[in-house]
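A.B. asks: Show me the folded form of this:
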Amino acid sequence: MSHPLVSIIVPTYDRTEFLKLTIESIINQTYKNIEIIVVDDGTPHDRNLLLCQTFEKVKYIKIENSGGPAKPRNTGINLAKGKYIAFIDDDDLWLPHKIETQVNILEQNPEFGLIHGCCEIINENGTLQAQIAGRPGSIDVKHGNVSMKMTGNWTLMTPSVLLNKTIVDKVGLFNEKMPSAGEDAEYWIRCSFFTKFYYVDEPLVQYRVHNDNISTEAKGYADLSLFLKKVLTKFNSEKIIDNIQYNILLNNLCAMQIKMIKKFSYKSVLNLFELNPFWIFKWRNLKLLTFILIKR
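C.D. replies: Numbers count the residues shown, from 1 in each chain. Reported below is the predicted structural model:
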């Protein structure tokens, strides 16, 4: 079995204590042919730099604050030299065999350009919460050609992903114009139109849930459907998807927006008319809307 270089990109901002644990979980990987690129999004002190200098394999870059992980990830991608790229945020942890397991699978299954899985949930103190995030009811939902299953329905757990660099060359970079919530979902959906996904039903990641999670900034998700519509429109114009596929996926986005209507009532309604001015005349949408509004 070959051992290609894996580039690991860690966006960080002012979480030195968590970052130390994250880097240690990378250093402790059983797979050793790695490069670690820590991209600091403008932390207003030098503690992250001093920490990274204690690890021989860590390359530390500091950029001007961008307010989210998209630019740091893109900075890391542009510096990456590996055949494969992995992302992990500065508060998450990898189990020791994460990279080895995923590299072996992708090397044996070259028709798959991306591998992902579910995550164990830990709290701020690192205590397991007896919860698994990202596990589907049926493995087939998240495995194989998922482009028509994914949009508007689910996304990947970003720290679980290992991605072939050739897919990045086709898809491009993360969208830095998006809010700092949903930019990863938009990126993985773009990837789904260029490669098959390999789903491993084994938690290889510990995903930390705490008050400072960017994902808690739920308001950033209110406009996600509009950014995804731009993706569909672009892919339709480029003949990556046909008109029938476009309309199916657009309907999925309307359903996704309807599910947000209790949380972002005014904004969601406006977005629905921007997605499709005739959304309200579709029976599926009215049925879902009624269910959402009466659900307690």
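A.B. asks: Give me the helices and strands touching the strand or helix carrying residue 227, please.
C.D. replies: Of the helices and strands defined by DSSP states H and E, residue 227 is found in helix 224-237. Helices and strands in packing contact with helix 224-237 are listed as helix 183-192, helix 243-259, helix 265-275; criterion 3 or more Cβ pairs under 8 Å, 6 or more residues apart in numbering; DSSP states H and E. Heads up, the C-betas are built off the backbone N, CA and C, glycines and all.
A.B. asks: Not counting its own residues, what contacts that helix?
C.D. replies: Contacts with helix 224-237, where a contact means Cβ atoms under 8 Å, 6 or more residues apart in numbering, come from 151-152, 175, 178, 181-182, 185-186, 189-190, 193, 241-243, 245-246, 249-250, 253-254, 256-257, 271, 274-275.
A.B. asks: Pull out the buried residues from those.
C.D. replies: Neighbour counting with 16 or more other Cβ atoms under 10 Å marks 151-152, 175, 178, 181-182, 185-186, 189-190, 193, 241, 245-246, 249-250, 253-254, 256-257, 271, 275 as buried within the contacts of helix 224-237.
A.B. asks: where in the chain is pLDDT low?
C.D. replies: 1, 212-219, 296 (pLDDT under 70).
A.B. asks: any chance you could map the strands in it?
C.D. replies: Along the chain, counting by DSSP state E, strands occupy 6-12, 34-40, 58-62, 84-87, 93-94, 112-122, 128-133, 162-164, 196-208.
A.B. asks: so what strands line up beside the fourth one?
C.D. replies: Right, strand 84-87. With DSSP bridges as the test, strand 84-87 is paired with strand 6-12 (parallel), strand 162-164 (antiparallel).
A.B. asks: of all those, which lies closest to residue 42?
C.D. replies: strand 6-12 (10.2 Å; Cβ to Cβ).
A.B. asks: What residues of that closest one count as buried?
C.D. replies: Under the neighbour-count criterion of 16+ other Cβ under 10 Å, strand 6-12 has 6-12 buried.
A.B. asks: do stretch 263-277 as well
C.D. replies: Residues of stretch 263-277 classed as buried by neighbour count (16+ other Cβ under 10 Å): 264, 268-269, 271-272, 275-276.
A.B. asks: cool, stretch 281-296 as well?
C.D. replies: Quick answer for stretch 281-296 (16+ other Cβ under 10 Å): 285, 288-289.
A.B. asks: again with stretch 231-244
C.D. replies: For stretch 231-244, the neighbour count (16+ other Cβ under 10 Å) marks 231-232, 235-236, 240-241 as buried.
A.B. asks: could you dump that stretch to CSV, C-alpha only?
C.D. replies: Taking C-alpha atoms only, stretch 231-244 is exported to CSV below (Å, rounded to 0.1, in the frame of the first residue of the first chain):
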residue,chain,number,x,y,z
VAL,A,231,-24.6,26.8,-7.7
LEU,A,232,-27.5,25.1,-9.4
THR,A,233,-27.9,27.9,-11.9
LYS,A,234,-24.2,27.9,-12.8
PHE,A,235,-24.1,24.1,-13.2
ASN,A,236,-27.3,24.2,-15.3
SER,A,237,-25.7,26.7,-17.6
GLU,A,238,-22.6,24.6,-17.9
LYS,A,239,-24.6,21.5,-18.7
ILE,A,240,-23.4,19.7,-15.5
ILE,A,241,-27.1,19.2,-14.7
ASP,A,242,-30.1,19.3,-17.0
ASN,A,243,-33.3,21.3,-16.6
ILE,A,244,-35.2,18.4,-15.0
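A.B. asks: if we can go back for a sec, any chance of the buried residues of stretch 281-296 in a markdown table, with distance to residue 222 too?
C.D. replies: Putting the buried residues of stretch 281-296 into a markdown table (distance: Cβ to Cβ, whole Å) gives the following:
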| residue | distance to residue 222 |
| --- | --- |
| 285 | 18 |
| 288 | 17 |
| 289 | 16 |
